[in-house]
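In: Below are the sequence and a predicted model; questions follow.
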Amino acid sequence: MEAKGFRKSGHFPSLLSAFLYFDVSFMIWVFCGALSLYITKDFGLSDTQKATMVAIPILGGSFFRIPMGILADRIGCKKAGLIGMSLSVIPLLWGWLGGTSLLQVQSIGFLLGFAGASFAVSLSLASRWYPPEYQGLAMGIAGAGNSGTALATFFGPQLAQAYGWHNVFGIAIIPLVIVIIIYAILVKDAPNAPAPKTMKDYLSVFKFADTWWFSIFYAITFGGFVGFASYFSIFFYDVYGDAANPGGITKVQVGYLVTITVIAGSFFRPVGGWIADKIGGMRFLGILYSVITICAFAIATMPGSFLVMLLYTSVMMACLGMGNGSVFQIVPQRFSKEIGVITGIVGAAGGLGGYLLPKYILGPLKESTGSHVTGFLVVGSIVLVTTLIFYAVTRSWRKSWAKAESGVNF
């Protein structure tokens with residue numbers, strides 16, 4: 001009965017299109033990370049330069065998400081999505097036909113942020129079509145489009161090995177064009193979309209403390225997911241690769257391992273939204289943050305077996321994925337009328353977290369200490385502190401707007 005009610009309550013073609021838009025965009029967005037072992041070979045980069053290269057697309061996505069969220073509110077999710085996908089063609093063409101210097105690769109990476117900004121449009125599209133009791137599931141299904149990361153990490157290294165990494169950018173234009181056509185045909189803007197607001201009204205959400213809290217909490221879950229998804233190729237190859245260990249794993253095999261961790265995070269995002277609908281996003285997030293903390297400290301032990309490491313990283317990524325779904329079960333309950341712009345802001349914070357993770361923690365600490373241990377100890381400590389803060393903040397929320405009489409599980 002519940003599944004039937006969910007299908008009848010919204011517009012499934014739009015939800016499917018939101019997923020496809022998110023999926024192909026995420027695939028494109030993380031190309032620099034998925035292809036990092038091949039791109040860095042051409043330029044001979046240091047640990048910090050490698051981390052910067054995979055982090056720049058995440059920064060670009062963070063930068064473009066707020067304007068894309070505002071655009072979705074002002075002209076509708078259908079038009080905004082078509083604009084976002086059309087702009088994503090630019091860096092793909094440049095990567096295919098150019099990308100001959102490190103500066104060009106970094107510029108291409110920043111423009112890949114157009115694809116990363118899909119978050120602000122696709123989740124707004126999904127949210128507006130479904131009632132409060134199905135927000136976690138609807139947002140989780142659309143958000144499961146971050147599985148596009150798995151497509152990049154699985155197929156990217158194989159295609160780069162066979163045809164060169166430049167041609168991978170050109171090949172990606174094909175699925176992008178297909179999704180543009182599907183999106184243009186199937187998507188309908190929700191009839192209950194709020195009327196466009198002035199820029200002052202959009203920016204007014206910054207005055208609410210909850211905007212900043214959601215941004216911090218999402219910077220941990222989504223920032224962790226996309227940051228690790230982009231950096232894990234470098235991490236696994238550094239620790240277990242055949243360049244450092246005779247008989248170690250190859251670059252293509254690294255892609256398979258990273259894909260498993262990414263699938264864990266992507267698959268469990270809608271599961272996280274569904275569980276959050278059932279037991280409450282706040283309650284579930286508290287559990288997830290605790291498990292993420294434990295996993296980060298476990299990874300810092302650097303087990304000798306890459307299979308044990310795969311277990312630790314996959315569990316952590318699954319919890320990060322469920323955390324993403326849980327955060328966006330709560331956000332629409334607090335900011336239902338500003339969902340477009342708040343999705344852009346919170347999503348931008350998530351992207352910023354994903355940029356800071358490799359750029360200022362994992363890469364520099366690896367270069368300065370010669371090991372990845374310190375980086376994961378720092379990550380575990382940050383999430384531990386966030387867990388304590390989250391507990392205190394949600395106690396306040398339960399006394400203000402997140403009340404049991406609303407009929408929504410928190």
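Out: Received the coordinates, thanks. Please read these numbers as outputs of a predicted model, since none were measured by experiment.
In: going forward, measure contacts between C-alpha atoms and count neighbours the same way
Out: Noted.
In: Past the helix or strand bottoming out on mean pLDDT in the chain, which element shows up next along the chain?
Out: In the chain, the helix or strand scored least confidently by mean pLDDT, DSSP states H and E is helix 2-9, which has a mean of 66. Once the chain leaves helix 2-9, the next helix or strand it forms, by DSSP states H and E, is helix 12-29.
In: which residues of the chain score low on pLDDT?
Out: The chain contains residues with pLDDT under 70 at 1-5, 7, 194, 340, 404-408.
In: mind checking the longest helix of it?
Out: Longest helix of the chain, by residue count under DSSP state H: helix 209-240.
In: Next, the buried residues of it.
Out: Across helix 209-240, burial judged by 16 or more other Cα atoms under 10 Å covers 210-240.
In: Counting by contacts, list what it packs against.
Out: In terms of contacts (3 or more Cα pairs under 8 Å, 6 or more residues apart in numbering; DSSP states H and E), helix 209-240 is packed against helix 31-34, helix 36-43, helix 47-75, helix 251-279, helix 306-334, helix 339-356, helix 373-399.
In: what helices or strands is the fifth one leaning on?
Out: Contact analysis of helix 306-334 by 3+ Cα pairs under 8 Å, 6+ apart lists helix 135-143, helix 209-240, helix 251-279, helix 281-299 as its packing neighbours.
In: dump the residue contacts of the nearest residue to Leu159 once chain neighbours are set aside.
Out: Once flanking residues are discounted, Leu159 sits nearest to Val168: 6.3 Å by Cα to Cα, 6 or more residues apart in numbering. Taking Cα atoms under 8 Å, 6 or more residues apart in numbering, we find Val168 in contact with Trp96, Gly156, Leu159, Ala160.
In: for Thr386, same thing?
Out: Phe217, Tyr289.
In: where's it relative to Val379, distance?
Out: Relative to Val379, Thr386 is positioned 11 Å away (Cα to Cα, to the nearest Å).
In: for Pro175, same thing?
Out: Counting by Cα to Cα - Pro175 and Val379 are separated by 35 Å.
In: my read: Pro332 touches Ile339, true?
Out: Yes - contact criterion Cα atoms under 8 Å: Pro332 and Ile339 qualify, at 6.2 Å.
In: burial count for the nearest residue to Arg283 once chain neighbours are set aside?
Out: Closest residue in space to Arg283, ignoring its immediate chain neighbours: Phe410 at 6.7 Å, by Cα to Cα, 6+ apart. For Phe410, the neighbour count with other Cα atoms under 10 Å is 23.
In: Check whether Phe410 really touches Ile330, as I assumed.
Out: Yes - if you go by Cα under 8 Å, Phe410 and Ile330 touch, sitting 7.3 Å apart.
In: Could you look up the SS state of Leu45?
Out: Judged by DSSP: H, G, I helix; E, B strand; the rest coil, the three-state class of Leu45 is coil.
In: Would you mind giving both backbone torsions of it?
Out: Note on Leu45: backbone dihedrals following degrees, to the nearest 10 are phi -90, psi 150.
In: Relative to the whole chain's centre, how far out is stretch 239-258?
Out: Centre-to-centre, stretch 239-258 and its host chain are 25 Å apart (Cα atoms, centre = their mean, to the nearest Å).
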